[in-house]
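Chemist: dropping the sequence and predicted coords here.
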Amino acid sequence: MRITAIIFMLGVVASCQTAPKINSGQHYVVSEADLAMIPYQGKTALVFVSSEKDTLRLFSEGVVKDSIGSDPWAKNPDYFDRYIYTLAPSKNDTVFTEEIAIKLLAERENALTIEFYIAAKGLVFYGTDYFSREQLAAVPVTEFTLGTKTFTDVQLFKSTGRFSERDNSIETVYFSKSAGFLGFDKKTTQWRLLLTPESLPNPETSGGTRTDACHVSWSKRVTNPAIHT
């Protein structure tokens, strides 16, 4: 009886060791080259001043990384890496009700979705805020002067006219590939970045500090999403 039990246990152990591994889903990542689309590195403090002398102070602790699962019910779901750089009105906030953010989301077939989210202190952008890598590259680059400094890599994001009657509607966003958000225009008010050493990325610290959130969130995946208007 004892010999039979030992043989049975050895058989169970052997079957566990030789059991085939279950294939996991695909893991889609954001490349280092694509991460350069987020010009901010590490902790950041920005101040925007309006033509009416109002101020907007924004803080960030750095880039946060997480992964989105394709289907919570799937046996072997795909995972898509996402990087988010959030600028919020207070660095002590744990729940942001107002924020400005840049989000990069890996997609299938080496695709990438870039989102610019702007909703802070009466400033909301209702224009195109989702881009593919190719769509963003197709946005023209122009010069933009802020104080005594001229930026030569500025892209203008224009409102589509949706909700233009709202007081918080932004008509134009000024975004520098190297320095980030430089300003916002409303119908009667202009907001401009106050240039300080803290507001501009330091090229010597390229690569910055990234914080891994170490959690997975779930959503329905849409490959190459249409432009949101």
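Modeler: Noted; the coordinates are in hand. Remember, predicted model here, so these are calculated numbers, not experimental data. Numbering: from 1, shown residues only.

Chemist: stretch 118-134: how far from the chain's middle?
Modeler: How far stretch 118-134 lies from its chain's middle: 12 Å, per C-alpha atoms, centre = their mean, to the nearest Å.

Chemist: an error on my part: the question was meant for stretch 48-64.
Modeler: So, by C-alpha atoms, centre = their mean, the centroid of stretch 48-64 is 17 Å from its chain's centroid.

Chemist: what does stretch 182-202 give?
Modeler: The chain centroid and the centroid of stretch 182-202 are separated by 19 Å under C-alpha atoms, centre = their mean.

Chemist: what is the neighbour count of residue 51?
Modeler: 12 (other C-beta atoms under 10 Å). For the C-beta atoms, the positions are set from N, CA and C on the backbone; glycine is no exception.

Chemist: wait, it touches residue 187, no?
Modeler: No. Using C-beta atoms under 8 Å, residue 51 is not in contact with residue 187, being 11.6 Å away.

Chemist: may I have the distance across stretch 124-140, first residue to last?
Modeler: Distance between the boundary residues of stretch 124-140 (C-alpha to C-alpha, to the nearest Å) amounts to 22 Å.

Chemist: please enumerate residues in contact with that stretch?
Modeler: The contact list for stretch 124-140 (C-beta atoms under 8 Å, 6 or more residues apart in numbering) reads 34, 37, 111-119, 155-160, 162-164, 166, 168-170, 173, 184, 224-225, 227-229.

Chemist: which stretches of the chain aren't confidently modelled?
Modeler: 1-24, 90-97, 197-229 (pLDDT under 70).

Chemist: okay, now residue 65: neighbour count?
Modeler: Count around residue 65 with other C-beta under 10 Å applied: 17.

Chemist: confirm it sits in a strand?
Modeler: Yes. Per DSSP: H, G, I helix; E, B strand; the rest coil, residue 65 lies within a strand segment.

Chemist: please report how far it lies from residue 154.
Modeler: 27 Å (C-beta to C-beta, to the nearest Å).

Chemist: ok, now which ones touch the residue sitting nearest the centre point of the chain?
Modeler: For the chain, residue 103 is the residue whose C-alpha lies nearest the centre (C-alpha atoms, centre = their mean; 1.2 Å). Contacts were defined as C-beta under 8 Å, 6+ apart; by that measure residue 103 touches 82-85, 113-115, 117.

Chemist: from those residues, which ones fall inside strands?
Modeler: 82-85, 113-115, 117 (DSSP state E).

Chemist: which one of the residues you listed is nearest to residue 142?
Modeler: Nearest to residue 142 among those is residue 114, at 18.9 Å by C-beta to C-beta.

Chemist: I'd say that closest one and residue 102 touch.
Modeler: Yes. Residue 114 sits in contact with residue 102 when judged by C-beta under 8 Å, with a separation of 7.3 Å.

Chemist: ranking by neighbours, what's the top pick from the ones in strands among the contacts of residue 103?
Modeler: Of these, with other C-beta under 10 Å as the count, residue 85 tops at 24 neighbours.
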